[in-house]
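**Q** make a model of this:
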Amino acid sequence: FRLLHPSRCVADMAAAEMEVEVDREEDKAPVLGKTGEKGDMHEVCDRIYVGNFKSASDRVFLTQHGVTHVLAAAADVGELHPGRFVYCMFDILDMPETWYLPLFPQAVDFIKSALADDEGGDANGEEGKGEKQKEE
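**A** Numbers count the residues shown, from 1 in each chain. This is a model prediction of the structure:
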């Protein structure tokens, strides 16, 4: 699962849109892969991780790290664990020349909803259960 593209620039842009501060990779302890090596998934700000296909496809790994929502940008890949996680899928090639900016509003809304849902509020911080969003 990914926050659109695993670059600091994109993570910074999304964080700015969401008004959260991004912790730099060197400031955070890395989440370890199954091999115990630095790898598959990194917390870029509180409760938001950026990772690769390997980490997104490992249900046990995601569950162990408390992941409930998956935002994915990958061509020809559907929900890997339907019913287990809430997904927002972008069927897009992850290439340097791919233009991701038009996806940001939907991605940010999904992330806000996911954070609120996990806290029992809505995307605006209101009390009560947030509405789960599932993108096809």
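**Q** what is the rounded mean pLDDT of the longest helix anywhere in the chain?
**A** Ranked by residue count and defined by DSSP state H, the top helix of the chain is helix 104-119. Across helix 104-119, the average pLDDT comes to 86.
**Q** contacting residues for residue 74?
**A** Going by CB atoms under 8 Å, 6 or more residues apart in numbering, residue 74 touches 2, 53, 89, 90, 91, 92, 94. Bear in mind the C-beta positions are built from the backbone N, C-alpha and C, glycine included.
**Q** residue 69 now?
**A** 85, 86, 87, 88, 110, 111, 114, 117, 118 are the contacts of residue 69 under CB under 8 Å, 6+ apart.
**Q** same check on residue 85?
**A** Contacts of residue 85 (CB under 8 Å, 6+ apart): 62, 67, 68, 69, 70, 79.
**Q** quick one: the helices in the protein?
**A** Using DSSP H, helices in the chain cover 8-18, 53-57, 59-64, 104-119.
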